[in-house]
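Asker: 3D model of this:
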Amino acid sequence: METKNEKDNSRFTLTRVFNAPRELVFKAFTEADRMAKWWGPKGSEITIKKLDLRPGGVFHYSMAFGDNTIWGLFIYREIVAPVRLVFVNCFSDKDGNKARSPFHPVWPLEILNTFTFTEQDGKTTLTIIGGPINASQQEVEAFEANIGNLQTGFKGTFDALDEYLATYK
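Answerer: Below is the predicted model:
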């Protein structure tokens, strides 16, 4: 698995190659029962409250770390199976309302993400481009300062995805 990261004008870009066909990787990102098995940081327990895969639909979930629970929300903008997912990602409360980050007081409220899936020789390359939208300069600076944390978080999450995908070999 190859991973490449870069920072470019308030955008986070990550590329990861998975040893699995595109359709399977796409399903791993779009089906609740599959996401529950690998999404989130290592050591977290994921609970999916809702996955409504359509433009305007949401993926609402929680990540539990012992007694600490963090809620997250995707609001889908575009779904082109199995090629692309575009969504706004934010923290939320348990009712699905957007919320401020529990770990950073000026983290952007909304991050626009584009996930692109390409396949070659039975392997899938996932490219993520994400960055703050509707954000203050202070929020953009907080995002830029935490690119390393994003890279670390996605690496652990995608390592779990690799393990999940290997069960289909």
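Asker: burial measure for residue 15, as a count.
Answerer: By other CB atoms under 10 Å, the residues close to residue 15 number 16. Any C-beta I mention is one placed from the backbone N, CA and C, and that applies to glycine too.
Asker: residue ranges for the strands of this protein, please.
Answerer: 3-8, 11-18, 45-51, 58-65, 68-80, 84-92, 98-99, 110-120, 123-133 (DSSP state E).
Asker: Rebuild those strands as CSV, extending it with mean pLDDT and distance to residue 29.
Answerer: CSV is the format used below for the strands of the chain (pLDDT from 0 to 100; distance: least, CB to CB, whole Å):
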stretch, mean pLDDT, distance to residue 29
strand 3-8, 39, 17
strand 11-18, 94, 11
strand 45-51, 95, 10
strand 58-65, 96, 9
strand 68-80, 97, 10
strand 84-92, 98, 6
strand 98-99, 97, 21
strand 110-120, 97, 7
strand 123-133, 97, 9
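Asker: Please produce a markdown table containing the ones you listed, extended by distance to residue 37.
Answerer: Converted to a markdown table, the strands of the chain look like this (distance: least, CB to CB, whole Å):
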| stretch | distance to residue 37 |
| --- | --- |
| strand 3-8 | 21 |
| strand 11-18 | 15 |
| strand 45-51 | 8 |
| strand 58-65 | 13 |
| strand 68-80 | 17 |
| strand 84-92 | 18 |
| strand 98-99 | 26 |
| strand 110-120 | 18 |
| strand 123-133 | 17 |
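Asker: Could you say which one of those comes nearest to residue 160?
Answerer: Across the strands of the chain, residue 160 has its closest neighbour in strand 45-51 (9.9 Å, CB to CB).
Asker: and the closest one, which residues are buried?
Answerer: Going by neighbour count (16 or more other CB atoms under 10 Å), the buried part of strand 45-51 is 46, 49, 51.
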